[in-house]
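Colleague: Need coordinates for the below:
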Amino acid sequence: MGLKQYKLLILFLLFILSCNTNSINNVEKTQDNTPSPPEQVLNKFSAYGTKEGKKIWYLTAEKAYVYESKNIALLEKFNVKFFKTDKNTNLPTNQISSVIKSNKGEMDIGKNDFHTIGKTTVITADNEILECEDLKYVDREKKIFTDSSVVITRKDSVIKGKGLEATPDLSSVIVKNNRVEIKK
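Modeller: Residues are numbered from 1 along each chain as shown. Model (predicted):
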């Protein structure tokens, strides 16, 4: 193994080790219990969910480490755009309803679920902001979830709590253990 390949291997292992243990546990191990290399490393990765041919969400990542045998992609510097739904047709439109941003994450390619690892921000079209750690999107429910501390900043209030269940556009939000501050 050449010096360049050795350095790349070390960088990859450092990336894997910096991910949370849930991600590492999903990645296959070699005989010496180190993470196996991904089947694909993709720059400018993208994925999307659709309803009747129209995009519900669109995910882009600067880099993805794809483990096809496990249906997992480890993501670096990614964001997800969610699209508004037309009230008459119940189909997605081309208008963005919210954007999720995170430096690290993981996607279940088979289920179209994904979660962020570390600092996460959700910004809606109405300029509402959700800040938290480790946010999960479950595609079959079309909702986001977290058990971490959350801060939602709206025009007239700030909501703080621990734990959240919400639609990605924050139009429906349940914050557990919450405290609301009304802005004057």
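Colleague: Relative to Glu131, how far out is Lys160?
Modeller: From Lys160 across to Glu131, the span is 10 Å (C-beta to C-beta, to the nearest Å). All C-beta atoms are positioned from the backbone trio N, CA, C, and that covers glycine.
Colleague: whoops, Val80 was the one
Modeller: Remark: distance between Val80 and Glu131 (C-beta to C-beta) = 16 Å.
Colleague: ok, those two, which is more surrounded?
Modeller: Regarding Val80 and Glu131, a neighbour count based on other C-beta atoms under 10 Å identifies Val80 as having more, with 27 against 17.
Colleague: which strands and helices sit next to the one helix or strand that one maps to?
Modeller: According to DSSP states H and E, Val80 maps onto strand 72-85. In terms of contacts (3 or more C-beta pairs under 8 Å, 6 or more residues apart in numbering; DSSP states H and E), strand 72-85 is packed against helix 3-18, helix 21-26, strand 40-51, strand 54-67, strand 92-108.
Colleague: Of all the residues in the helix or strand containing Gly161, which ones are buried?
Modeller: Taking DSSP H and E as the criterion, Gly161 maps to strand 157-166. Within strand 157-166, the residues that count as buried by 16 or more other C-beta atoms under 10 Å are Ile159, Lys160, Gly161, Gly163, Leu164, Ala166.
Colleague: nearest residue to the last one other than its sequence neighbours?
Modeller: This points to Ala166. Leaving aside its sequence neighbours, Ala166 sits nearest to Val173 (C-beta to C-beta, 6 or more residues apart in numbering; 4.2 Å).
Colleague: That neighbour and Leu74, how far apart?
Modeller: 29 Å.
Colleague: More neighbours: these two, which one.
Modeller: Legend: neighbour count by other C-beta under 10 Å for Val173 and Leu74, higher for Leu74 (25 against 19).
Colleague: in the protein, which helix or strand is least confident?
Modeller: None of the helices or strands of the chain scores lower by mean pLDDT, DSSP states H and E than helix 21-26, at a mean of 47.
Colleague: circling back to that earlier point, which stretch in the helices and strands packed on strand 72-85 has the least confidence?
Modeller: Across the helices and strands packed on strand 72-85, helix 21-26 has the smallest mean pLDDT, namely a mean of 47.
Colleague: Assign Ser69 to helix, strand or coil.
Modeller: helix (DSSP: H, G, I helix; E, B strand; the rest coil).
Colleague: tell me the pLDDT at it?
Modeller: For Ser69, pLDDT reads 90.
Colleague: Make 48 the starting number, not 1.
Modeller: Sure, I'll start counting at 48 from here, so that last one is Ser116.
Colleague: What's the local residue count around it?
Modeller: 11.
Colleague: Can you give me the distance of it to Pro84?
Modeller: Taking C-beta to C-beta as the measure, Ser116 falls 12 Å from Pro84.
Colleague: same thing with Tyr112?
Modeller: If you go by C-beta to C-beta, the gap between Tyr112 and Pro84 works out to 8 Å.
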